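**Q** have a look at this fold, sequence not included:
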Ligand code: TYM
């Protein structure tokens, strides 16, 4: 009999247009891992509503994210691609895990602290509980590995803690998942404030490159990227703007920072920026074409997410039933 493959689960929120940060920190690695693992890739729409969404935009972006997964090379035949809200077990398991989570540990999440600051007096409870839903996503599928960007480390740690806590309180139920954070591309920084993460929710449009930005926009944004007055291409924390451009090159081309630095001896930032822009455009152009084609064929996308939901529902419900039984609910 064939050895059972290990399980990967990951997801992206359709809360804004995806950036090259999402692509290099997550999707590009998923593509590389899909043959060795049994993968579930989810469009996490339940997470997206922790901040206000315009319903029509949320619908459009949900399909767009799915199309991006496929266009980037994730094969819907080999992997389970689905929309989180199509699998009710995520919400149900999140409640069960919420009753095993502590206010203190959730209040310590840096992403919660950052995002809640922007909400003034009306901080929604969902934002606070969000990492518990993420833990449910992961734990429902007996996930071994979670490929994400560096910003998700703390959330992943919570998922591990909740798995262990549940296993100890009842009996072994969950696999305790490991994170997979690739060296290159794990944290792509803002082009305008390179000490801050590149984020799809940034108000400054020049701070990020969207996966669907046209080539001329990509070139303009890269040429405006903040660098420094040193004028020498080095990979150091003293030159965070230049370091970020090198990271982008490395993540796309599979190079090491030293190799890039060696290539630019005696060359300036203009040349580096022009090469970075060319590299991004070359990487994204075929993806953009494919996304356009996929979005024109809604019935195909529907087929993919329906088939994905069916498979995910089966797996997730099995784990949920186990949780319910151990907690003491009467089997239905
Ligand atoms: P989200 O939607 O903010 O981001 C999706 C993925 O992109 C990565 N990422 C980055 N990587 C490198 N540089 C950046 N600037 C950058 N910005 C974003 C993120 O690390 C992530 O991998 N909570 C998650 C979504 C989620 C999830 C899950 C992930 C919900 N349930 C279960 C894994 C497993 C989030 O908000 O990601």
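**A** Structure's in. What do you need? Just so it is clear, the model here is predicted, and its values are computed rather than measured.
**Q** how about residue 326, nearest residue that isn't a chain neighbour?
**A** residue 170 (4.0 Å; C-beta to C-beta, 6 or more residues apart in numbering). For every residue, glycine as well, the C-beta is placed using N, CA and C.
**Q** who in the stretch 101-250 of the chain is up against the ligand?
**A** By C-beta under 6 Å from any ligand atom, the residues of the stretch 101-250 of the chain that approach the ligand are 134, 137-138, 146, 148-149, 151-152, 155, 185-188, 197-198.
**Q** kindly recompute the last result at 5 Å.
**A** 134, 137, 148, 149, 151, 152, 187, 188, 197, 198 (C-beta under 5 Å from any ligand atom).
**Q** out of these, which end up buried?
**A** The neighbour-count test (16 or more other C-beta atoms under 10 Å) applied to those identifies 134, 137, 148, 149, 151, 152, 188, 197, 198 as buried.
**Q** return the residues in contact with the third one.
**A** For residue 148, the contacting residues are 10, 25, 26, 156, 179, 180, 181, by C-beta atoms under 8 Å, 6 or more residues apart in numbering.
**Q** any chance of those residues in a markdown table with pLDDT as columns?
**A** Putting those into a markdown table (pLDDT from 0 to 100) gives the following:
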| residue | pLDDT |
| --- | --- |
| 10 | 98 |
| 25 | 96 |
| 26 | 97 |
| 156 | 98 |
| 179 | 97 |
| 180 | 96 |
| 181 | 95 |
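**Q** got a winner among the residues you listed for most neighbours?
**A** Within these, neighbour counts (other C-beta atoms under 10 Å) peak at residue 25, which reaches 27 neighbours.
**Q** for it, what are its contacts?
**A** Shown in contact with residue 25 (C-beta under 8 Å, 6+ apart): 148, 149, 150, 151, 182, 185, 186, 187, 188.
**Q** how close does it sit to the ligand?
**A** 2 Å (C-beta to the nearest ligand atom, to the nearest Å).
**Q** just the pLDDT for the closest residue in space to that residue that isn't next to it in sequence.
**A** Distances taken as C-beta to C-beta, 6+ apart put residue 149 closest to residue 25, at 3.0 Å, once the chain neighbours are dropped. Here the pLDDT value assigned to residue 149 is 95.
**Q** residue 149 is in contact with residue 184, isn't it?
**A** No - between residue 149 and residue 184 there is no contact under C-beta atoms under 8 Å: 11.3 Å.
**Q** look at residue 141 and give its secondary structure.
**A** Classification of residue 141 using DSSP: H, G, I helix; E, B strand; the rest coil returns coil.
**Q** by mean pLDDT, flag the weakest helix or strand of the chain.
**A** Scoring the helices and strands of the chain by mean pLDDT, DSSP states H and E places helix 110-117 at the bottom, with a mean of 92.
**Q** would you agree residue 40 falls within a helix?
**A** No - read with three-state DSSP, residue 40 is strand and lies in no helix.
**Q** number of residues surrounding the residue nearest to residue 326?
**A** Neighbourhood size, residue 170 [other C-beta under 10 Å]: 16.
**Q** any idea how far it is from residue 125?
**A** Distance of residue 170 to residue 125, given as C-beta to C-beta, to the nearest Å: 26 Å.
**Q** could you break the chain into its assigned domains?
**A** 7-186+297-327, 205-292 (automatic domain parsing).
**Q** to residue 193, which of those domains lies closest?
**A** Among those, the nearest to residue 193 by C-beta to C-beta is domain 205-292 (6.7 Å).
**Q** run the chain-centre distance for that closest one.
**A** In terms of C-alpha atoms, centre = their mean, to the nearest Å, the centre of domain 205-292 is found 21 Å from the chain centre.
**Q** what's the answer for stretch 7-15, then?
**A** Taking mean C-alpha positions (C-alpha atoms, centre = their mean), stretch 7-15 and its chain are 6 Å apart.
**Q** is it up against the ligand anywhere?
**A** Yes - contact of stretch 7-15 with the ligand (C-beta under 5 Å from any ligand atom) involves 10, 11, 12, 13.
**Q** which residues belonging to that stretch are considered buried?
**A** 7, 8, 9, 10, 11, 12, 13, 14, 15.
**Q** most widely separated two among those?
**A** Using C-beta to C-beta, the pair of those lying farthest apart is 7 and 15, separated by 25.4 Å.
**Q** run through who's touching the helix or strand hosting residue 92.
**A** Secondary structure assignment for residue 92, by DSSP states H and E: helix 89-98. Contacts to helix 89-98, defined as C-beta under 8 Å, 6+ apart, come from residues 46, 84, 129, 132-133, 135-137, 139-140, 162, 166, 313, 316-317, 319-320, 323-324, 327.
**Q** so where's the protein uncertain?
**A** 1-2 (pLDDT under 70).
**Q** can you pull out the strands in it?
**A** Remark: strands assigned in the chain by DSSP state E are 7-12, 38-43, 80-83, 145-147, 178-180.
**Q** what's the fourth one in contact with?
**A** To tie it back to what came earlier, the one meant is strand 145-147. If you take C-beta under 8 Å, 6+ apart as the criterion, strand 145-147 is touched by 6-10, 26, 29-30, 33, 37, 138, 152, 156, 159, 177-182.
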